[in-house]
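Novice: model this:
(4 chains)
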2 protein chains.
Amino acid sequence: MQVAKPTIQQISEITGYSVSTVSRVLNGYSKQYRISEKAQELIKKKAEELNFKPNQMARGLRLKRTFTIGLVIPDIANPFFAMMAKHIEKAASLSDYSILLVDSDENTEKEKQQIKNMIARDMDGIIVAPVGSEKKHFTEIIERKIPLVFVDRYFENCEIPFVTSDNLQGGYEATKHLIENGHKRIGLIKGDTSTQPVLERLNGYRKALQEYGITLNSAYEIGDTFSIESGYQSVRTVLKLPQPPTALFAMSNLIGLGAIKAIKETDLNIPTDISLIVYDDQPYAAFLNPSITTVKQDSEQIGKLAVNYIFKKINNEKTDVLQVKLQTQIISRASVKKIK
Amino acid sequence: MQVAKPTIQQISEITGYSVSTVSRVLNGYSKQYRISEKAQELIKKKAEELNFKPNQMARGLRLKRTFTIGLVIPDIANPFFAMMAKHIEKAASLSDYSILLVDSDENTEKEKQQIKNMIARDMDGIIVAPVGSEKKHFTEIIERKIPLVFVDRYFENCEIPFVTSDNLQGGYEATKHLIENGHKRIGLIKGDTSTQPVLERLNGYRKALQEYGITLNSAYEIGDTFSIESGYQSVRTVLKLPQPPTALFAMSNLIGLGAIKAIKETDLNIPTDISLIVYDDQPYAAFLNPSITTVKQDSEQIGKLAVNYIFKKINNEKTDVLQVKLQTQIISRASVKKIK
DNA sequence: TATGTTTGCACAAACGTTTGTGCTGGTGTA
DNA sequence: TACACCAGCACAAACGTTTGTGCAAACATA
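Specialist: Now for the predicted structure:
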């Protein structure tokens, strides 16, 4: 249905040179194949005139490369992932690569199905922030030797490369920050517990408590979804405990928003009545009232490292298995109060 | 470099049937071409066993279709666009279409370059939220009869289809809302003035003022970029006026954040000292303190309509030129105070 | 038995590239 | 004069599909 685009064959006919000659000229192999200056000029001129761009399907078919990286994200509307996606796209496009985007919607079935799609579409590399704990569907990517790297979320005891923030450190330092401000009763509002980041942040949390001789209280560890709603419900629950926490550690920015809502509705004040620290720093965190203390992850670096790794693999450069956990950083603002 | 995937030819060899037969069976043309039950079963079974998925490059080359929609967004990290992208991806994947994502970074050069890329990659359709006022580079899309639709931003007096929110209405009602709360000195913090939405919101603003007999004050119309920084600087400036506004209308959620920052730094209180309404409702708006009154756009509907239009064009269904402006909605919260 | 019709499939071209190899005409050398 | 050599290009296969057409065998009809 679309209007015909100029092809290498048309240029061949117009110029009188064969398609192979045209191809070589346009791909910069003129010297190597001793194409005359005259031919080069003519061909380049005509190609320019016709605004010729090689058909990427044909090229991909022949070359077995698509110049495309698949990106599978659980929720592109989550600012954290959106920011990561932005940096991934930027890094890719700098090398003339494009991004095929999938939003798995935190749904393992869609993730599976779309991974298949990515394989069928011959992605040169695939970047995934996996939804859950299931990883069987990734084996085909490995078998086909398609470069794969996980971002943010990953699997333990698995040699698939990943780049994420140091969730153990982040969880530990967030908790420590609260403890050092005098808090002993600290609620942890979790995300999906089948994901590694949640597990590690949880471990960091526990590690900090234990280090300071504070006994764990399982009633303080609550929640299981990365959403506003889940954060809201969890905090409502935890605030009803006979001895409610004096501080809350929300495991994501969405959970944090839910927490704030619940706290407000309970007529409590941040930080007077209860302190809050949120994992993942977002632009608006500084503008909430009070401004929110957060754990900042370097999403730009995550994106860049992931893409660079893919490129190295594509170019067959030797690489160590990339399993990076980037340092996190506490951004101290006004939502944590020193007590006692 | 990648490990070979099963092809239709391998299935052909294994089953002893020709590639054409295999193709027809796998594409559901068995009856039409009188393929025996026996052949069908065998072929399907083998295809299943080998986990066969047709090579999309070869398929695309032959069919001249890519089953891919190009999406060009000025800033995927902007929650408004991220949400739109999410709905676009969702609608597309329901019809087994994929999304090729580009972040033009509010940069016309990158937009131009990537539009070329989309054409070379034979997108079946293209959805763009154009960066600026330049539109020459879209003509090639039209000439090639590739379905194209603009979202959010568009061009006036131009028959390229678009779907956006009714920015005139939104601007008008936001301003009216402030006026009806007693405000007469209303600052308008603008985004990029080369974009149609900004122009229309501006017109809506002026229309409301005029309707209520309030004289326009050009010093109250300020700003030219969709960013936190621009919102911040603009509001700082406008607050220094001898007669500063009693209310502010921020043209986007990022501008709104900048406005809040500037207001805070000037030691003013929202809404006691100054009221604020923000174009584009985002989850966090309800959680800011005070919660922010916003103009809500239906990003889900925008995405769906855009994709559906593309599909109709792809399937050669007759359509009217799609030029839709969706109703906006004032979400009244606590950032606007009734005065006088 | 001769002819026509249907069943069930195979052949081959085409989509637009890239690339290994081969060919021709001219120049240089002995 | 004979030969080698090189410059400058063309040929054709291949990538994995889809699809128009052709054709043999089986069956039906007269």
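Novice: Run through the residues of chain A sitting next to DNA strand C.
Specialist: Contact residues (CB under 7 Å from any atom of the strand) of chain A with DNA strand C: A:4-9, A:19-20, A:23-24, A:26-27, A:33, A:52, A:54-55, A:58-59, A:61-63. Yep, even glycine has a C-beta here, placed from its N, CA and C like the rest.
Novice: I'd like to know which of the residues you listed are part of helices.
Specialist: Secondary structure defined by DSSP state H assigns A:I8, A:Q9, A:V19, A:S20, A:S23, A:R24, A:L26, A:A58, A:R59, A:L61, A:R62, A:L63 of these to helices.
Novice: Give me the neighbour count for the third one.
Specialist: A:V19 is flanked by 14 other residues according to other CB atoms under 10 Å in any protein chain shown.
Novice: Just grab the bridge partners of A:V163 for me.
Specialist: As for beta bridges, A:V163 partners with A:V151, A:V324 under DSSP bridges.
Novice: What pLDDT does the model give it?
Specialist: With respect to pLDDT, A:V163 scores 96.
Novice: That one and A:K304 touch, don't they?
Specialist: No - counting by CB atoms under 8 Å, A:V163 does not reach A:K304; the two are 9.0 Å apart.
Novice: helix/strand/coil for A:L71?
Specialist: Under the three-state scheme (DSSP: H, G, I helix; E, B strand; the rest coil), A:L71 adopts strand.
Novice: isn't it right up against A:I88?
Specialist: Yes - judged on CB under 8 Å, A:L71 makes contact with A:I88 at a distance of 6.0 Å.
Novice: intersection of neighbour lists for those two?
Specialist: Residues touching both A:L71 and A:I88 by CB atoms under 8 Å, 6 or more residues apart in numbering or on different chains: A:I99, A:I127.
Novice: how does chain A divide into domains?
Specialist: Here the domain parsing of chain A from automatic domain parsing is A:8-54, A:67-165+A:299-326, A:167-298.
Novice: Switch these over to JSON lines, and while doing so, append distance to B:T139 to every line.
Specialist: As requested, the domains of chain A are arranged in JSON lines below (distance: least, CB to CB, whole Å):
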{"stretch": "domain A:8-54", "distance to B:T139": "11"}
{"stretch": "domain A:67-165+A:299-326", "distance to B:T139": "22"}
{"stretch": "domain A:167-298", "distance to B:T139": "36"}
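Novice: where are the low-confidence patches of chain A?
Specialist: Across chain A, residues meeting the criterion (pLDDT under 70) sit at A:1-3.
Novice: One more pass at 80, please.
Specialist: For chain A, applying pLDDT under 80 flags the ranges A:1-4, A:132-133, A:289, A:340.
Novice: any idea how far stretch A:290-302 is from the chain center?
Specialist: In terms of CA atoms, centre = their mean, to the nearest Å, the centre of stretch A:290-302 is found 14 Å from the chain centre.
Novice: Look at it and report the distance between its end residues.
Specialist: 29 Å (CA to CA, to the nearest Å).
Novice: Mind listing what's buried along it?
Specialist: Buried residues in stretch A:290-302, counted by 16 or more other CB atoms under 10 Å in any protein chain shown: A:P290, A:S291, A:I292, A:T293, A:T294, A:V295, A:K296, A:Q297, A:D298, A:S299, A:Q301, A:I302.
Novice: near chain B, from the residues you listed?
Specialist: For chain B, the contacts drawn from the buried residues of stretch A:290-302 by CB under 8 Å from any CB of the partner chain are A:P290.
Novice: does A:G258 really touch A:E229, like I thought?
Specialist: Yes - A:G258 sits in contact with A:E229 when judged by CB under 8 Å, with a separation of 6.2 Å.
Novice: These two - which one has more neighbours?
Specialist: Using other CB under 10 Å, the more surrounded residue of A:G258 and A:E229 is A:G258, with 26 against 13.
Novice: what helix or strand is that one on?
Specialist: Using DSSP states H and E, A:G258 maps to helix A:253-265.
Novice: Could you name the helices and strands sitting against that helix?
Specialist: Applying 3 or more CB pairs under 8 Å, 6 or more residues apart in numbering or on different chains; DSSP states H and E, we find helix A:253-265 packed against strand A:186-189, helix A:228-239, strand A:247-250, strand A:275-279.
Novice: Strand partners (parallel or antiparallel) of the next helix or strand after the last one?
Specialist: Past strand A:275-279, heading to the C-terminal end, the next element that is a helix or strand (DSSP H and E) is strand A:293-296. Under the criterion DSSP bridges, strand A:293-296 sits next to strand A:275-279 (parallel), strand A:329-331 (antiparallel) in its sheet.
Novice: now those strands in CSV, with distance to A:L94 and mean neighbour count?
Specialist: Listed next are the strands paired with strand A:293-296 as CSV, based on distance: least, CB to CB, whole Å; neighbours: other CB atoms under 10 Å in any protein chain shown:
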stretch, distance to A:L94, mean neighbour count
strand A:275-279, 30, 27
strand A:329-331, 26, 16
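Novice: what residues does chain A put near DNA strand D?
Specialist: Proximity of chain A to DNA strand D, by CB under 7 Å from any atom of the strand, involves residues A:16-21, A:33-36, A:38-39, A:58, A:61-62, A:64.
Novice: Filter these down to the buried ones.
Specialist: Applying 16+ other CB under 10 Å to the residues of chain A next to DNA strand D, the neighbour count classes A:Y17, A:T21, A:I35, A:A39, A:A58, A:L61 as buried.
Novice: Dump those residues into JSON lines; add distance to A:G170 as well.
Specialist: Below are those laid out as JSON lines (distance: CB to CB, whole Å):
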{"residue": "A:Y17", "distance to A:G170": "61"}
{"residue": "A:T21", "distance to A:G170": "58"}
{"residue": "A:I35", "distance to A:G170": "58"}
{"residue": "A:A39", "distance to A:G170": "60"}
{"residue": "A:A58", "distance to A:G170": "47"}
{"residue": "A:L61", "distance to A:G170": "45"}
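Novice: which among the residues you listed gets closest to B:K318?
Specialist: Nearest to B:K318 out of those is A:A58 (CB to CB; 31.7 Å).
Novice: isn't that closest one right next to B:G60, touching?
Specialist: No - using CB under 8 Å, A:A58 is not in contact with B:G60, being 9.2 Å away.
Novice: if I look at the residue nearest to A:F311 when sequence neighbours are not counted, how far off is A:K304?
Specialist: Closest residue in space to A:F311, ignoring its immediate chain neighbours: A:S95 at 6.3 Å, by CB to CB, 6 or more residues apart in numbering or on different chains. Taking CB to CB, to the nearest Å as the criterion, A:S95 is separated from A:K304 by 12 Å.
Novice: State which one residue of chain A is found closest to chain B.
Specialist: A:N289 (3.3 Å; CB to the nearest CB).
Novice: Next up, the contacts around that residue.
Specialist: Going by CB under 8 Å, 6+ apart, A:N289 touches B:L288, B:N289, B:P290.
Novice: same question, A:I141
Specialist: Neighbour list for A:I141: A:I115, A:M118, A:I119, A:I126, A:L148 [criterion: CB under 8 Å, 6+ apart].
Novice: what's the neighbour count on the nearest residue to A:S18 once chain neighbours are set aside?
Specialist: Here the nearest residue to A:S18 in space, its sequence neighbours aside, is A:S12; by CB to CB, 6+ apart that works out to 5.9 Å. Per other CB under 10 Å, the neighbour tally for A:S12 reads 18.
Novice: quick check, A:S12 in a strand?
Specialist: No - secondary structure assignment (three-state DSSP) places A:S12 in helix, not in a strand.
Novice: My understanding was that A:A82 contacts B:F80; is that so?
Specialist: No - when contacts are counted by CB under 8 Å, A:A82 is not listed as touching B:F80 (10.5 Å).
Novice: Any residues of the stretch 201-340 of chain A in contact with chain B? List them.
Specialist: Proximity of the stretch 201-340 of chain A to chain B, by CB under 8 Å from any CB, involves residues A:228, A:254, A:257, A:260-261, A:282-284, A:286-290, A:314, A:316.
Novice: Out of these, flag the one nearest to A:Y205.
Specialist: Proximity of these to A:Y205 (CB to CB) peaks at A:L254, which lies at 18.5 Å.
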